[in-house]
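Q: Predicted model follows, preceded by the sequence.
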Amino acid sequence: MEVSLTVNGRAVQSDVEPRTLLVHFLRENLNLTGTHVGCETGYCGACTVMVDGRTAKSCTLLAVQADGRDITTIEGLAVNGELHAVQEGFWERHGLQCGYCTPGMIMSAVGLLQENPDPTEDEIRHGIEGNLCRCTGYHNIVKAIEYAAARLQGKTPPPAEWEEVSA
Amino acid sequence: MSTTSVLGGVVKRREDPALVRGKGLFVDDLKVAGLAHVAFVRSPLAHAKIKSIDTTAAIAMPGVLAVYTAAEVNHLGPLVAQVAVGKLRPLLADGVVKHVGEAVAMVVADNRYQAADAAEAVEVDYEALPAIVDLKEALSDKAKVHDDLDSNVLITWEAGPWGNAEGIAETQEKIKAAKEQEGAVVVSLEMVNQRLIPTAIEPRSVVADWNSGYERFTVHSSTQIPHALAGALAKTFGLASNAVRVIAPEVGGGFGCKLNVYNDEVLVCFASQQLGRPVKFTETRRESPNSTIQGRGWIGTATITGTADGEILGFELVGIADMGAYTQNFTVAIPFLGTFVGSGQYGFPTYWKIDCVTTHTMTTDAYRGAGRPEAMYYLERIVDAYARKIGMDGADVRKRNFIPAEAFPNAVSPIGFAMDTGRYNENLEALVALPAYADMLAERDAARAEGKLAGFGLSSYVEVCGFGPSALTGLGFSWSAYGLPSAFNGSGLVRVNPDGTATVIIGTGPSGQGHETTWAQIVAEQLGMSVDQIRVTHGDSAESPFGVGTFGSRSAAVDGSATYEAALKVKDKASKIAAHMLEASESDIRFEAGGAHVAGSPESAVPWSEIALRAYQPHTLPEGMEGGLEAHAIFSPGNATWPFGAHAALVEVDADTGDVRLRRYLTMDDCGNVINPMIVDGQLHGGLAQGVGQAMFEEAIYDDDGNLLTTSLMDYLLPTAADLPNWELHRTVTPSNVNPLGVKGIGEAGTIGSAQTIVNAVVDALSPLGVEHVEMPVRPRRVWEAIQAAKGGN
């Protein structure tokens, strides 16, 4: 089946098998391998992308369902090489270890902050409940999102739990 | 260590810019021309005869390249294992299946969808046989899992001290006498340490490419042990070790489940050789619990004998550990590792006996902590029960029975191992002295005053990490079975490049531990370079010096130390070159701020780029000096490291629903010196989440017929962000004396210290009702039932 959609600002047209999952289409047809597959059932959230500005799990969508939609993946988040505030927050606050859940986690956090720009810690924790991380115990992911929330609102982020040394 | 130093300070991770952009390369991301894909046909039964396999329909399907069964691959099997006690895994089931999910046939096709379709079309006729799942049933040997083994008991680990029959008899005698003593308090509990599914968020993936011209395999695998895998594959295929190159690129979490050699890793190599194409297998989440090892799976009875005033006179643990159907890498060695720390931080006589039994279930092996969380669970649960029974404060009972600081260094535990350094009382006292500790107790009491069920839990722990000493190779801790007769020593290579940057190549296999950052810090400190000048590469068996891999909290202590020593060698040579350039004495050369200068005259500095350039132009070097500026070191520690600590938890239990909420979690860990506090804390956070996961949520459940009921993330509950608190971390620092960095390891501490802390808190919460024990995971139904039973209801 013919699909045409926009991915990270670029128009894409392709012929896909109707059963092709969106995540496989992104990863295999478009080589956007930043979107990961963790469970194929929508529980882990590693495959989270933006569809028309809202988060969606691309392992439970078919590529044909994305016809005519506007998709943003992790690769489309930085603008002109400049990290998005959420990406920066994850780096600044050690919000990732192995990095496998990270792209989906970041997309969910971006979605959360669009809907709720100034979330409480509890709102952050519930807001990312649909994304599983096995490495971080979530502590620093929460801090990373708090950092990003402040940055996006033009505020000074809460201080880190450590001081960096000059390296 | 001073926090103004690069070593011991926080440096943001060098791994992250790629990973937050989605540019990290994991195995399944690789694009290889001509790639073929594998799907396995897996057994739906735990125990059955295979009467026939019909592959004709599958082979005729579009895109299908081949369907393989046991007959084609038997010559390569069974799968090699490091500690080969028990039944080794056939590469593909040969006439009989022994667990649900066992691979029966392998389909290779042009794409993953075609492979999955064709796997569905393979017809297997099974004759179901009875399955043994229950550990006590397995132990009884009434029916056997493997007809060709003498017993379902593969090995029995008895310790106290280990490997000393006379000593063990003496210990048993002492404990028996203690029990007969007047006023002796004996507390005993049978407890389950349930099976867990490690669940790295990245499913395992492997791509093999046989080049018949070069006669060489290039294998990309999401493994923690690239060199060991290369050795195992070379041995399996009868190749030289340099004819197999294994690369572990980004690995999306390991936790021990990627510390193994898998049949699919061998089988994709075989298929690539047969088909002349690169071949990939990526697990689905649903098949992963039956194709990747599981962990834990013990039942055991822990008994403490002590006086009424808190002196413990003996500890016994008698248990059964589930090995699953087939032995893989370390399988039976995991409970053995548990014995190492069987007496925890204590000095009292300790007796351990663990029967390792085989069942019709998936293999168990190393999962974060690997034997040590089980050991600490039994010990610290029963110490807590004893303290409750005699009405003493848990911290006081522990302190009274700890091995005293004066016994260190190299205090010998009742299990018979010398432990590097320890200050157990001081560590627990530091935890107790934290204002948060008193606050948590006050919060519990306030909640109770409001009629709520609230509990406070405590645990101390000791680990054995940093494997390892050459002396331990005889105990199975080496890769000898994979043709690599090396001890678990460390290695590191430091190369200063002609432009004055440095490349550090290590044989570890990290999966999120931040080695690229930590190792850069180790080298930067020695060479006076900025971390940005240093690039660390790892996980490539052809490129790096021989490496043991990343597991058992060993990398920093062992490979980090090797890298430190390699950096010293480079520094030594560079000092000579700089002394020559600056016409100064070698002993006056200092490395700082990206170059060398004469002590006291920083204005004399020559940058690394100039020193390096000379090194690569030997005619400009002092007479007789060889060109080049790199060094390699092997580090063999004199002992393992023994990190320790104490944890406390505050929980609240909903009396109506049994729902447990973890309110606060406080730690005082001691992992020796710290290289990067941010990374160390991060390791603890994740380790704690996994220990709390075991205590509260996770359980691999088999039914009586051997069906695994928890193969999706809907059925196997992992903790989410909403389930966990902010972790309140503190540390004491007792440097190790077995490596030059003084580090002990931190990868598993969080897990080893936490499950029992949580359950102790839950029991504390329910103790006003008279509840003495709740099994893990403390999910609402189980807790509710315990509450009802205590109330006398049903």
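A: Sure thing, it's come through.
Q: Leaving out sequence neighbours, find the closest residue to the residue in chain B that chain A sits nearest to.
A: Using Cβ to the nearest Cβ, B:G22 is the residue of chain B that sits closest to chain A, at 1.8 Å. Yep, even glycine has a C-beta here, placed from its N, CA and C like the rest. When the adjacent residues along the chain are set aside, B:G22 lies closest to A:G34, with 1.8 Å between them (Cβ to Cβ, 6 or more residues apart in numbering or on different chains).
Q: What of A:E92?
A: Closest residue to A:E92 apart from its sequence neighbours, by Cβ to Cβ, 6+ apart: A:Y147 at 5.7 Å.
Q: Next secondary structure after the helix or strand bottoming out on mean pLDDT in chain B?
A: The element with the least model confidence among the helices and strands of chain B, by mean pLDDT, DSSP states H and E, is strand B:484-487, at a mean of 79. Remark: after strand B:484-487, the chain's next helix or strand is strand B:490-496, criterion DSSP states H and E.
Q: how much does the very next helix or strand once past that following strand deviate in direction from strand B:490-496?
A: Following the chain from strand B:490-496 toward its C-terminal end, the next helix or strand by DSSP H and E is strand B:502-506. An angle of 160 degrees separates the directions of strand B:502-506 and strand B:490-496 when computed by axes from the mean of the first three to the mean of the last three Cα atoms, to 10 degrees.
Q: For B:S5, see how far away the residue located most distally from the centre of chain A is.
A: The centre of chain A is farthest from one residue, A:S166, which by Cα atoms, centre = their mean lies 30.1 Å away. The gap separating A:S166 from B:S5 is 10 Å, by Cβ to Cβ, to the nearest Å.
Q: Name whatever forms a beta bridge with B:G314.
A: Going by DSSP bridges, B:G314 is paired in beta bridges with B:T305.
Q: Could you tell me how many residues sit around it?
A: Using other Cβ atoms under 10 Å in any protein chain shown, B:G314 has 24 neighbouring residues.
Q: show me what contacts it?
A: With contacts taken as Cβ atoms under 8 Å, 6 or more residues apart in numbering or on different chains, B:G314 has the following neighbours: B:171, B:174-175, B:178-179, B:303-306, B:348-351.
Q: I'd like those laid out as a markdown table, including pLDDT and secondary structure.
A: Rendered in a markdown table, the data for those read as follows (pLDDT from 0 to 100; DSSP: H, G, I helix; E, B strand; the rest coil):
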| residue | pLDDT | secondary structure |
| --- | --- | --- |
| B:T171 | 97 | helix |
| B:K174 | 97 | helix |
| B:I175 | 98 | helix |
| B:A178 | 98 | helix |
| B:K179 | 98 | helix |
| B:T303 | 98 | strand |
| B:I304 | 98 | strand |
| B:T305 | 98 | strand |
| B:G306 | 98 | strand |
| B:F348 | 98 | coil |
| B:P349 | 98 | coil |
| B:T350 | 98 | strand |
| B:Y351 | 98 | strand |
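Q: from those, which would you call buried?
A: Neighbour counting over these (16 or more other Cβ atoms under 10 Å in any protein chain shown) leaves B:171, B:174-175, B:178, B:303-306, B:348-351 as the buried ones.
Q: the strands in chain A, which residues?
A: In chain order, chain A shows strands spanning A:2-7, A:10-15, A:48-51, A:54-57, A:70-72, with DSSP state E as the criterion.
Q: center of chain A, which residue is that?
A: Nearest to the mean C-alpha position of chain A, counting by Cα atoms, centre = their mean, stands A:M107 at 1.8 Å.
Q: Contacts only, for the residue nearest to B:G422 when sequence neighbours are not counted.
A: Beyond its immediate neighbours in the sequence, the residue positioned closest to B:G422 (Cβ to Cβ, 6+ apart) is B:F408, lying 5.1 Å away. Residues in contact with B:F408, defined by Cβ under 8 Å, 6+ apart, are B:419-423.
Q: Enumerate every residue touching residue 76.
A: I went with chain A, as the question did not name one. Applying Cβ under 8 Å, 6+ apart, one finds that A:G76 lies in contact with A:7-9.
Q: should've been chain B
A: Taking Cβ under 8 Å, 6+ apart as the definition, contacts of B:L76 comprise B:91, B:236-237, B:266, B:270.
Q: Flag every residue of the stretch 651-794 of chain B that's near chain A.
A: B:677-679, B:681-690, B:712-714, B:718, B:720-722, B:724, B:726-727, B:750 (Cβ under 8 Å from any Cβ of the partner chain).
Q: Please pick the buried ones from the contacts of A:G76.
A: Buried members of the contacts of A:G76, scored by 16+ other Cβ under 10 Å, are A:7-8.
Q: which of the contacts of A:G76 come close to chain B?
A: Restricting the contacts of A:G76 to those adjacent to chain B (criterion: Cβ under 8 Å from any Cβ) removes every one of them.
Q: Check the contacts of A:G76 against chain B and report the nearest one.
A: Each of those was scored against chain B by Cβ to the nearest Cβ, and A:N8 proved nearest at 10.5 Å.
Q: From what I see, that closest one and A:D70 are in contact.
A: No: counting by Cβ atoms under 8 Å, A:D70 is not a contact partner of A:N8; they are 9.4 Å apart.
Q: So what's the residue count around the residue lying closest to A:L21 once chain neighbours are set aside?
A: Distance criterion Cβ to Cβ, 6+ apart; nearest residue to A:L21, sequence neighbours excluded, is A:C59 at 5.8 Å. By the criterion of other Cβ under 10 Å, A:C59 has 26 neighbours.
Q: Can you report phi and psi for A:C59?
A: With angles defined as degrees, to the nearest 10, A:C59 sits at phi -90, psi -10.
Q: can you tell me how far B:I787 sits from B:R444?
A: The separation that B:I787 has from B:R444, given Cβ to Cβ, amounts to 17 Å.
Q: Spit out the contact partners of B:G310.
A: Residues in contact with B:G310 (Cβ under 8 Å, 6+ apart) are B:387, B:390, B:392, B:396-397, B:400-401.
Q: Sorry, wrong one. I was asking about B:A593.
A: When contacts are counted by Cβ under 8 Å, 6+ apart, B:A593 is found next to B:528, B:602, B:605.
Q: Throw these into TSV and include secondary structure, neighbour count and distance to B:A433, thanks.
A: Formatted as TSV, the contacts of B:A593 follow (DSSP: H, G, I helix; E, B strand; the rest coil; neighbours: other Cβ atoms under 10 Å in any protein chain shown; distance: Cβ to Cβ, whole Å):
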residue	secondary structure	neighbour count	distance to B:A433
B:G528	coil	20	39
B:P602	strand	12	43
B:A605	strand	19	46
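Q: could those residues go into a markdown table alongside distance to chain A and pLDDT?
A: As requested, the contacts of B:A593 are arranged in a markdown table below (distance: Cβ to the nearest Cβ, whole Å; pLDDT from 0 to 100):
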| residue | distance to chain A | pLDDT |
| --- | --- | --- |
| B:G528 | 12 | 96 |
| B:P602 | 16 | 90 |
| B:A605 | 17 | 94 |
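Q: Now stretch B:568-575 - C-alpha only, PDB.
A: Once non-C-alpha atoms are left out, stretch B:568-575 reads as follows in PDB (Å, rounded to 0.1, in the frame of the first residue of the first chain):
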ATOM      1  CA  LEU B 568      51.300   5.000  34.500                       C
ATOM      2  CA  LYS B 569      53.500   3.200  32.000                       C
ATOM      3  CA  VAL B 570      52.600   5.800  29.300                       C
ATOM      4  CA  LYS B 571      53.200   8.600  31.800                       C
ATOM      5  CA  ASP B 572      56.600   7.100  32.700                       C
ATOM      6  CA  LYS B 573      57.700   7.100  29.000                       C
ATOM      7  CA  ALA B 574      56.300  10.500  28.400                       C
ATOM      8  CA  SER B 575      58.100  11.900  31.400                       C
END
